[in-house]
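> Need the 3D shape of this:
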Amino acid sequence: MHSVLHITEVIKGGIASYIDELYLYHKKNSNIQFHFFISQQEVNELKHVDKKLISTFEKKERSIFFFIRYFFGLLNLLLIKKPKVIHCHSSFAGFFVRFIYLFKILNRPTIIYTPHSWSFMMDVSNFKKNLYINIEKLLSNVTTKIICVSKYEYEIAVKVGIDKNKMIVIYNGVIDKISIKNPKKNHFNKNFINCLFVGRLDFQKGIDVLLSSFSKLNDSYKLHIVGEKVLNNLNIENNDKCIFHGWVSREDIDFYYKNCDILIVPSRWDGLPIVPLEAMKNSKPLVVSDIGPLKELLNGKNGLIFKKGDINSLLDALNRIPDCDLKAMGNESRQIFKQNFDSIITNKQLNLLYEKYVS
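Just a heads-up that it's a prediction; the model follows:
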């Protein structure tokens, strides 16, 4: 049986879903076996992967000491496994894997790289953007194929000079299965317009913009927030318009999608996040910022768009919700999901890519 070695750093959230569903598909439909390099602290984020297929490293806060330990742990794994195909996920893992082979420390295998959002798409200084661009261009020389999870990711990479012949667009996908688990207490009151945010509570995800906009709405709205705090100055528990649910497992998350009226995705930058796909699977309309990947989820009938980082623009979009046919918009979301973002579609495309290089 042929194997593919998956290299990661942080998987909690979208990448964990991506890997779990990839594993389930290939377990049933392929002669390809996977092995995974995952942090010890996040092994349990993978609900379906056989733990015998996982090698681990100890995850610490990023520091020079963690970088050194990660580098030598990865190097040792590569020396032992001698993989024919490596699939690295995110810019951190992508850097270390490709750095090793850039200097010909080991014989180079096929290297597949999924950035899950380019580092140069972040809101950073021009100096940092150019630095990240030049690093990605350099490391692309030892990369066999780069998987962009949105057309926007592909287009912006071509624009900055990354070889388009090395890139392919394969959308993220989620499994078309809805959990029926319900929490003990239902905080959704149908007398309100129930808006939902799911994700990290940090600057990238735009939670600050969402909270500021929500504070200006009338009392007919309720905001449900699912995620972990990253910004220490968020005071969401004491906000009368908000209900903070904390981190929710993937097994329980469908309840929140099913009971909300609309999902809000106010990201300042992103690849193609799993959260809106999960909402679309559950037939929910979207309110998204105008960044490229998120705009690819809308066809003009299933959601509203606002200017990223703009409190008043988001406020205008939220104020339009009462005049929308949310049920019809949700049905449209469901159709878009089935046509483009079902994980079966994603995993068939990934399987074709793997088979091209493992044989």
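
> Keeping just the C-alphas, turn the helix or strand bottoming out on mean pLDDT in the chain into PDB.
The weakest-scoring helix or strand in the chain, judged by mean pLDDT, DSSP states H and E, is helix 14-29 (a mean of 85). The C-alpha coordinates for helix 14-29 follow below in PDB (Å, rounded to 0.1, in the frame of the first residue of the first chain):
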ATOM      1  CA  GLY A  14     -10.700  23.600  10.100                       C
ATOM      2  CA  ILE A  15      -7.600  21.600   9.400                       C
ATOM      3  CA  ALA A  16      -8.700  18.800  11.800                       C
ATOM      4  CA  SER A  17     -12.000  18.500   9.900                       C
ATOM      5  CA  TYR A  18     -10.100  18.500   6.600                       C
ATOM      6  CA  ILE A  19      -7.800  15.700   7.700                       C
ATOM      7  CA  ASP A  20     -10.500  13.600   9.400                       C
ATOM      8  CA  GLU A  21     -12.700  13.600   6.300                       C
ATOM      9  CA  LEU A  22      -9.800  13.000   4.000                       C
ATOM     10  CA  TYR A  23      -8.800  10.000   6.100                       C
ATOM     11  CA  LEU A  24     -12.400   8.600   6.100                       C
ATOM     12  CA  TYR A  25     -12.700   8.900   2.400                       C
ATOM     13  CA  HIS A  26      -9.400   7.200   1.600                       C
ATOM     14  CA  LYS A  27     -10.000   4.500   4.100                       C
ATOM     15  CA  LYS A  28     -13.000   3.400   2.100                       C
ATOM     16  CA  ASN A  29     -12.100   4.400  -1.500                       C
END
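
> contacting residues around it?
Here helix 14-29 makes contact (Cβ atoms under 8 Å, 6 or more residues apart in numbering) with 6, 8, 11, 32-34, 36, 42, 45-49, 89-90, 116, 172-175, 250, 273-275, 343-344, 346-348, 350-351. No exception for glycine: its C-beta is placed from N, CA and C like everyone else's.

> how about the helices of the chain, start to end?
14-29, 64-81, 90-102, 126-139, 151-160, 207-214, 253-259, 274-281, 292-295, 311-319, 326-340, 343-358 (DSSP state H).

> Now do the last one: distance to the chain's middle.
Averaged C-alpha coordinates place helix 343-358 at 19 Å from its chain's average position (Cα atoms, centre = their mean, to the nearest Å).

> going forward can the numbers begin at 19, since that is how I track them
New numbering, starting at 19: the last item is helix 361-376.

> Now do the buried residues in that helix.
Neighbour-count burial for helix 361-376 flags 361, 364-369, 371-372, 375-376 (criterion: 16 or more other Cβ atoms under 10 Å).

> ditto for the longest one
If you call a residue buried by 16+ other Cβ under 10 Å, then helix 82-99 has these buried ones: 88, 91-92, 95-96.

> which other helices and strands contact that helix?
Helix 82-99 sits against strand 20-25, strand 50-57, strand 72-75, helix 108-120, with contacts defined as 3 or more Cβ pairs under 8 Å, 6 or more residues apart in numbering; DSSP states H and E.

> Export only the CA atoms of it, formatted as CSV.
Taking Å, rounded to 0.1, in the frame of the first residue of the first chain, the C-alpha atoms of helix 82-99 are listed here in CSV:
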residue,chain,number,x,y,z
ILE,A,82,13.4,29.7,19.0
PHE,A,83,13.5,26.6,21.3
PHE,A,84,10.2,25.3,19.9
PHE,A,85,11.4,25.9,16.3
ILE,A,86,14.6,23.9,17.0
ARG,A,87,12.7,21.0,18.6
TYR,A,88,10.1,21.0,15.8
PHE,A,89,12.8,21.0,13.1
PHE,A,90,14.8,18.1,14.6
GLY,A,91,11.6,16.1,15.4
LEU,A,92,10.5,16.6,11.8
LEU,A,93,13.9,15.7,10.4
ASN,A,94,14.1,12.5,12.5
LEU,A,95,10.6,11.5,11.2
LEU,A,96,11.6,12.1,7.6
LEU,A,97,14.8,10.0,8.1
ILE,A,98,12.8,7.1,9.5
LYS,A,99,9.8,7.2,7.1
